[in-house]
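[1] Attaching a predicted model along with its sequence, questions to come.
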Amino acid sequence: MKNNEQFKKLFRTMLKVLLVLSQTAVFAVVWETFYNETIPTPYFRKGNWFFYLVYVIVLSLFLHAFDGLKYGVYRNGNLITAQILATLATLFIVYLQIVLLAYEFVSVLPLLLALVVDVALCLVIAVGGNWLLYRVFPARKTLIIFDEYSPDTFIEKLKTRKEKFEIGDIVNISVGIEKLEDLIKKSQAVILYDIHSAKRNKILKICFENDIKTYATTKVSDILVRGASTLHMFDTPLLLYRNIGLTAEQRFIKRLFDITVSAVMLVLTSPLLLISAILIKAYDGGPVFFRQARSTLGGKVFYIHKFRSMIVDAEKDGAPHPAEEFDPRITPVGRFLRATRLDELPQLIDILLGNMSIVGPRPERIEHTEQYSEEIPEFLYRLKMRGGLTGYAQLYGKYNTTPYDKLQLDLMYIQNYSFLLDIKLILMTVKIMFMKESTEGFTKENSKKINEKSKK
C-alpha cells in the first residue's frame, strides 16, 4: 500500500489528462468538419492548434472552478455534474469565439452533438476511472484516535465512504504514546479526531516518521494559521496574522462586484421573480415574501427577504422551528422553490441595499446567533464579513451542518478571501443547485433541541 501510494497522484493526473484531451479531440473534429470552412479566413495547421490550445485552457479552468477533476475524492454524481457544467460553459465560450470569427451566428447543432459525446466521455471516464482507482488503491485500514469528545457522529460520516476508509481500531489518546505508536505502525492511515495541538503534534511526528497518511479534524486555531502570511525578515520565519477581515481595497472591490452582479441578476431573473410571486400568491393567498431578522457584518441586524415557502404563520408561537426533512409546513410551491433555490432570489435586493454580499457567511437568524455564540464564543468571528447569498458553508456543508462546522467553513473563506475565490464559489453554486445533499433539513431531534434552547 505505501509503495503504491506514490503512484496515486500520477493515476489521477492521467485521468485528468485523458478527460481534457478526449474532449479536445471531439471539438477538433467538430471544428474542422463543420466550422473552419465557414469563417472568411479558414485556419490552417498552426491556427487550428492554437484554437485547440485555447479550448484546453478554457476547459481546464472551468473544470478546476467546478471541482470536476477530483477523482477519488468526490463521488461519481458530483464529478459528472461538475464536468458537464464545465463542458457546457466551455462550449458556450467557444461558440461565441466562432460567431466572432464567422461575423454571423452559425448553427449550434454541431456543438450540441459534441456536447452529447462529451457527456458520454464524462460518464465513462468518471465511473471507470473511480472504479479502477478504488481497485488499484483500495480503502485504507484506518486508525481513529480521539480525546475527550466521542467520535461516533464522525464515524457515521466515514461509513458513507467505505471505498476510502476501512475503519480499524478506535482508541482514546489516554492509552499512551507507546501504545499509539504501535497501533500507528500497523495502520495504513490515521485520523485524529478533535485532539488538542500539543498531543496532536506528537502523533503527527510519529506518522511523518513512518510515512503514514494522516487526517485531522480542524480547530478554529488551525484555520487562523492557514490564513497567516509567511514573513522572512531575518533567518527566523514569522507568521503574520492580520486578524482584520478584509482590507479596504478588498472591501471596495467586493462591494462594487456585489452592486454590479445583483443589479444585473435582478434584471435577468425578473421573469422568474414574477412567476414565483404569482404561484405563491395563487396557492393560498398569503404574503409573497418572508422577512426575518438576521445578523451580518459587525453584528448589524437587518431583515432578509425570501420567497415564502411555508404555510402562513409557520412559527406562530414565536419560537424558531428550523425546516426539517419532509416538513409538512412547506407548501408544494415552496418545496419546488427550495429545491431549485429560487426562494433565495429576493435576497438580490438585500445585496443591492448593502445588507448582504454575493459571497460570504450565511447570515443567521438572531436567535441562532445568540444561542450558538453562547455555546461557541468563536461563532461571532463570522461577523467579520458581511453575510452572503452563497459561501463556503453553503457549498461544502449542508442545511443541517453543525454550527461549529459552519463556523470553520466560513472562517476558511474569510481567512483566504480573494476575488478569484469569489468567482470560483459563484460557479460552484451553479453546481450545488443540482446536488440534493446540500438541501437536507434538520432532523426532528436537532430541530427540537434548537426550539427548546431558544425558549430558555
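    Yep, that arrived. Note that the structure is predicted; figures quoted are calculated from it, not measured. Numbers count the residues shown, from 1 in each chain.
[2] which neighbours does the helix or strand containing His305 have in its sheet, and in what orientation?
    Using DSSP states H and E, the secondary-structure element containing His305 is strand 301-307. Using DSSP bridges, the neighbouring strands of strand 301-307 in the sheet come out as strand 289-295 (antiparallel).
[3] how far out from the middle of the chain is the strand holding His305?
    Computed by CA atoms, centre = their mean, to the nearest Å, the chain-centroid distance of strand 301-307 equals 23 Å.
[4] give me phi/psi at Ser150?
    phi -70, psi 140 (degrees, to the nearest 10).
[5] do the same with Gln188
    As for Gln188, its main-chain torsions (degrees, to the nearest 10) stand at phi -100, psi -20.
[6] Tell me how far it lies from Arg140.
    Using CB to CB, to the nearest Å, one gets 4 Å for the distance from Gln188 to Arg140. For the C-beta atoms, the positions are set from N, CA and C on the backbone; glycine is no exception.
[7] Then Ile304?
    44 Å.
[8] More neighbours: which of these two?
    Under the criterion of other CB atoms under 10 Å, the comparison of Ile304 against Arg140 puts Ile304 first, with 22 against 18.
[9] Centre of the chain to stretch 22-36, how far?
    Taking the mean C-alpha point of stretch 22-36 and that of its whole chain, the gap between them comes to 32 Å (CA atoms, centre = their mean).
[10] measure it end to end?
    20 Å (CA to CA, to the nearest Å).
[11] which other residues reach it?
    Surrounding stretch 22-36, the residues in contact under the criterion CB atoms under 8 Å, 6 or more residues apart in numbering are 42-43, 48, 51-52, 55-56, 59, 87, 91, 94, 98, 102, 106-107, 110-111, 113-114, 117-118, 121, 125.
[12] Restrict those to the buried ones and give me that as a PyMOL selection.
    A single PyMOL command suffices to select whichever of the contacts of stretch 22-36 are buried according to 16 or more other CB atoms under 10 Å:
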select buried, resi 43+51+52+55+56+59+87+91+94+98+106+110+111+114+117+118+121+125
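[13] Looking at the contacts of stretch 22-36, which are in helices?
    In helices, judged by DSSP state H, the following of those are found: 48, 51-52, 55-56, 59, 87, 91, 94, 98, 102, 110-111, 113-114, 117-118, 121, 125.
[14] Roughly how far does Ile212 sit from Leu183?
    Distance, Ile212 to Leu183, using CB to CB: 10 Å.
[15] who has more neighbours, those two?
    For Ile212 and Leu183, the more surrounded residue by other CB under 10 Å is Ile212, and the numbers stand at 20 against 16.
[16] List phi and psi for the closest residue to Tyr43 other than its chain neighbours.
    Nearest-residue entry for Tyr43: Asn36, 5.8 Å, with adjacent residues in sequence omitted and distances by CB to CB, 6 or more residues apart in numbering. Listed backbone geometry of Asn36 is phi -60, psi -40, with angles given as degrees, to the nearest 10.
[17] Give me the neighbour count for Asn36.
    Per other CB under 10 Å, the neighbour tally for Asn36 reads 18.
[18] Domain map for the chain?
    When the chain is parsed into structural domains using automatic domain parsing, the resulting residue ranges are 2-136, 140-217, 248-454.
[19] Glu181 against Ile206, yeah?
    Yes - applying CB atoms under 8 Å, one finds Glu181 in contact with Ile206, separated by 5.3 Å.
[20] Give me the below-cutoff pLDDT ranges for the stretch 1-150 of the chain.
    Low-confidence segments of the stretch 1-150 of the chain, defined by pLDDT under 70, span residues 1-5.
[21] again, 80 this time
    Counting by pLDDT under 80, the stretch 1-150 of the chain contains low-confidence residues at 1-6.
[22] Show me the contact partners of the one helix or strand Leu61 maps to.
    Assessed by DSSP H and E, Leu61 sits inside helix 45-65. Applying CB under 8 Å, 6+ apart, the external contacts of helix 45-65 come out as 16, 19-21, 23-24, 27-28, 31-32, 36, 43, 68-69, 82-83, 85-87, 89-90, 93-94, 97, 423-424, 427-428.
[23] so the nearest residue to Phe307 once chain neighbours are set aside, which of the three states?
    Sequence neighbours aside, Asp343 is the residue nearest to Phe307 in space, at 4.3 Å (criterion: CB to CB, 6+ apart). Judged by DSSP: H, G, I helix; E, B strand; the rest coil, the three-state class of Asp343 is helix.
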